[in-house]
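Asks: Mind looking at a prediction? Sequence and model below.
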Amino acid sequence: MTSNNENYMTDAQGRLVPVESIKQVDLARNDLVLETMKKAVEMSAALARFKASVMDDIEAFCELSAEKYGAKLGGKKGNVTLFSFDGRYKMMRSIDDFITFDERLQAAKTLIDDCLKRWSEGSDAKLRTIVNDAFQVDKAGRINTNRVLGLRRIEIEDETWQQAMQAIAESVQIISSKAYVRFYERQPDGGYRQINLNIAA
């Protein structure tokens, strides 16, 4: 970053440094970074525009397809996979919901603990491990949502357990959704290879 005076440049600590005292390699590095960053910002904006355009096109096509059957879609929800006629290409739209749990999760944990205590004499140690793992928090203090929701797949005919599962279901809060679009090309072996648009990958 240069100051208003072309004879000076601002360093990382905000100090004005005379250009003549800066090493040529540092000036060359600065130029490389600035030129590349400009291109990166432009590319990022272009990819964002491309994604928005594709998402709109997919949504418009889904609505058009639904109209053929007299159906009206209610918003951009659900995963969609579209193939070219020859099957060579496919593109997939996926929408991931980011969820958390409200205070009712604590009630569910209390109910589950009550169940485990009642079943303690003949309870399966594996079940206790599954439950304890589900409510463990990670380094950021977050609970693994998949493990907690996975408890609902365990079929146990017990009224308290069923109340706990209901509390888990009602404690789910969708805090945000993120849409992705991915593109694939069929390979000679019949599998599909993703066309990579993620520069980080």
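Replies: Perfect, thanks for sending it.

Asks: So E157: helix, strand or coil?
Replies: Assigned with DSSP: H, G, I helix; E, B strand; the rest coil, E157 falls in the coil class.

Asks: what's the neighbour count on it?
Replies: E157 is flanked by 6 other residues according to other C-beta atoms under 10 Å. (Glycine included, C-beta is placed from N, CA and C.)

Asks: Just the buried residues of the least confident helix or strand in the chain by mean pLDDT, please?
Replies: Lowest on mean pLDDT, DSSP states H and E among the helices and strands of the chain sits helix 125-134, with a mean of 76. By neighbour count on 16 or more other C-beta atoms under 10 Å, the buried set for helix 125-134 is L127, V131, A134.

Asks: Assess the claim that the first one and I154 are in contact.
Replies: Yes: in this structure, L127 sits in contact with I154. The criterion is C-beta atoms under 8 Å, and the distance is 7.4 Å.

Asks: re earlier: kindly indicate which of the buried residues of helix 125-134 lies nearest S177.
Replies: Lowest distance from S177 to the buried residues of helix 125-134 (C-beta to C-beta) belongs to A134, with 23.6 Å.

Asks: can you pull the contacts of the closest residue to the closest one other than its chain neighbours?
Replies: Of all residues not flanking A134 in the chain, R147 sits nearest, at 4.0 Å (C-beta to C-beta, 6 or more residues apart in numbering). Contact analysis of R147 by C-beta atoms under 8 Å, 6 or more residues apart in numbering lists I130, D133, A134.

Asks: How about R88?
Replies: Residues near R88 by C-beta under 8 Å, 6+ apart: E185, R186.

Asks: Can you check which strand is longest in the protein?
Replies: In the chain, taking DSSP state E as the definition, the longest strand is strand 172-186.

Asks: So which elements touch the helix ranked longest in the chain?
Replies: Criterion DSSP state H: the longest helix present in the chain is helix 24-67. If you count contacts as 3 or more C-beta pairs under 8 Å, 6 or more residues apart in numbering; DSSP states H and E, helix 24-67 packs onto strand 80-83, strand 89-101, strand 172-186.

Asks: What helices and strands are in contact with the longest one?
Replies: Other elements packing on strand 172-186 under the criterion 3+ C-beta pairs under 8 Å, 6+ apart are helix 24-67, strand 89-101, strand 192-194.

Asks: Thanks again, I'm all set now.
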